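>>> Quick one, fold the following:
(2 chains)
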Amino acid sequence: MNGDTEMIRRDPLLRLYLVVIVANFQEFLAEEITELMLDLDEDTPFDEDAIREQALFLFVEFLTQRHYSPEERAGWVRPHQLTEQHAGWWFKVNARRGLLSIPKDEE
Amino acid sequence: MLTDTNVQNTTSQTADNLAKQLQNLPPSDPAAISAAVAEMHEQHPPQPDYNAQIAELAPADRESVTNLIGLYTQRQAATEVQPPTSSAPETFAASDYIHRVDTIEHQEDEGIRSDPHLRLEAVTLVEALADALADSAGRLAVARQDNSPWGEDKARADLLWQLSEFLCLAEWSREDRADNLLQHWQLDGERARRYACDWFRVDIMSDGRLETQPVEAS
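Numbers count the residues shown, from 1 in each chain, chains lettered A, B, ... in the order given. Below is the predicted model:
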């Protein structure tokens, strides 16, 4: 918990690791929901995207330790945005074809 | 059909009525004026300028938010209450409409939070995150050349905090981080499963199996 907040946010190593974690998490979430769908009743139609979104919403509520209304959740990251590109945009990391780098003007 | 225009008309009519009441009050009655103003603010709180906020977003995110608003509007239309078929004048108040939509959304959310499959799935996601954070924090501490005894813990705390910010596309203050967000030590080894099971109302059986507790959706 020590250190300047903005300095931590700018930490290039931290940002690179975060992009990797996000991309891996997307893969894990997709696999898990696909497995879950297989376990569910085949006769009942399920919307895989909706279930993925619901699982992510429960997960984020746990991370932030509170419940949110739909309006409060409107700006959250969606499952399809758990990508290197989107995480790269947020964490200011260049992410192209699996290659991650810190913008040159920061180096 | 009750449309946004109807709601706006009803809202503006109510506001006009309140304004007229204000004009009719004697000038020497400040308490009544204050009460009327308070009532008006309570019924019609000022709305944030969402369009301005959306305009400030990055292009990719702006498109995403715009799509989300479209979906939300469609869902509201789908859950809209049908108007009476008689030719009686419309008496459906805007506040009733908003309250009904809120209630439906609240029930939907509680249904999701009570879903046993999703709760078990969420525990699995938390355990996976705990593993990923532990793995990355160790390597991040080494990469930072932080050899202190708490170097790995600090790395894990930073990762968890920044990941939470990304998932909510928000910036948490230092106070939020310390008081409201999940703490890194709560994802430490077996604790991750215990905290997740507690939050998602899941029992850990003696043989290690997970079983959801019965929950009534409110």
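>>> Quickly list the domain ranges of chain B.
B:4-47+B:79-113, B:116-212 (automatic domain parsing).
>>> Need the winner for burial among those.
Most buried of the domains of chain B, by mean neighbour count (mean count of other C-beta atoms under 10 Å in any protein chain shown): domain B:116-212, with a mean of 17. Bear in mind the C-beta positions are built from the backbone N, C-alpha and C, glycine included.
>>> circling back to that earlier point, tabulate the domains of chain B in CSV, adding columns for mean pLDDT and distance to A:Asp105.
Shown next, in CSV, are the domains of chain B (pLDDT from 0 to 100; distance: least, C-beta to C-beta, whole Å):
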stretch, mean pLDDT, distance to A:Asp105
domain B:4-47+B:79-113, 67, 39
domain B:116-212, 93, 21
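>>> Make TSV out of those and add distance to A:Ser69.
As requested, the domains of chain B are exported to TSV (distance: least, C-beta to C-beta, whole Å):
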stretch	distance to A:Ser69
domain B:4-47+B:79-113	7
domain B:116-212	13
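>>> Find the nearest non-adjacent residue to the residue in chain A that chain B sits nearest to, please.
Of all residues in chain A, the one sitting closest to chain B is A:Leu58 (4.3 Å; C-beta to the nearest C-beta). Spatial nearest neighbour of A:Leu58, excluding adjacent residues (C-beta to C-beta, 6 or more residues apart in numbering or on different chains): B:Ala122 at 4.3 Å.
>>> so that neighbour makes contact with A:Leu63?
No: proximity of B:Ala122 to A:Leu63 does not meet the contact threshold set by C-beta atoms under 8 Å, at 10.5 Å.
>>> re the thing from before, list the helices and strands the helix or strand hosting the residue of chain A closest to chain B packs on?
Assigned by DSSP states H and E, A:Leu58 belongs to helix A:48-64. Helix A:48-64 sits against helix A:12-39, helix B:94-114, helix B:116-143, helix B:151-168, with contacts defined as 3 or more C-beta pairs under 8 Å, 6 or more residues apart in numbering or on different chains; DSSP states H and E.
>>> again, only using 6 Å
Helix A:48-64 is packed against helix A:12-39, helix B:116-143, helix B:151-168, with contacts defined by 3 or more C-beta pairs under 6 Å, 6 or more residues apart in numbering or on different chains; DSSP states H and E.
>>> So A:Phe59 versus B:Val126, what's the distance?
7 Å (C-beta to C-beta, to the nearest Å).
>>> Check A:Arg52 too.
For A:Arg52, the distance to B:Val126 - C-beta to C-beta - is 16 Å.
>>> How about the residues of chain A by chain B?
Taking C-beta under 6 Å from any C-beta of the partner chain as the contact definition, chain A meets chain B at A:5, A:8, A:13-14, A:17-18, A:21, A:28, A:36, A:54-55, A:58-60, A:62-65, A:70, A:74-77, A:90.
>>> Can you tell me which of these are buried?
Neighbour counting with 16 or more other C-beta atoms under 10 Å in any protein chain shown marks A:8, A:14, A:17-18, A:21, A:28, A:36, A:54-55, A:58-60, A:62-64, A:70, A:75-77, A:90 as buried within the residues of chain A next to chain B.
>>> Without its sequence neighbours, what residue ends up closest to the spatially most central residue of chain A?
In chain A, the residue lying closest to the centroid (C-alpha atoms, centre = their mean) is A:Leu82, at 3.9 Å. Excluding the flanking residues, the one nearest A:Leu82 by C-beta to C-beta, 6+ apart is A:Gln26, at 3.5 Å.
>>> Tell me, how many residues neighbour A:Glu32?
17 (other C-beta atoms under 10 Å in any protein chain shown).
>>> ok, now A:Val22?
Neighbour tally, A:Val22, other C-beta under 10 Å: 24.
>>> Without its sequence neighbours, what residue ends up closest to it?
A:Ala87 is the one closest to A:Val22 (C-beta to C-beta, 6+ apart), at 3.9 Å.
>>> how about stretch B:126-140, does it reach chain A?
Yes: judged by C-beta under 6 Å from any C-beta, stretch B:126-140 comes into contact with chain A through B:Ala128, B:Ala132, B:Ser136, B:Leu140.
>>> And the last one, how far from B:Phe166?
In this structure, B:Leu140 and B:Phe166 are separated by 16 Å, where distance is defined by C-beta to C-beta.
>>> Then the first one?
Plainly put, B:Ala128 is 17 Å away from B:Phe166 if you go by C-beta to C-beta.
>>> what does the third one give?
When C-beta to C-beta is the yardstick, B:Ser136 and B:Phe166 sit 14 Å from each other.
>>> Close to chain A: what parts of chain B are there?
Taking C-beta under 6 Å from any C-beta, the part of chain B that reaches chain A is made up of B:68, B:105, B:112, B:118, B:121-122, B:125, B:128, B:132, B:136, B:140, B:143, B:158, B:162, B:164, B:166-169, B:174, B:181-182, B:199.
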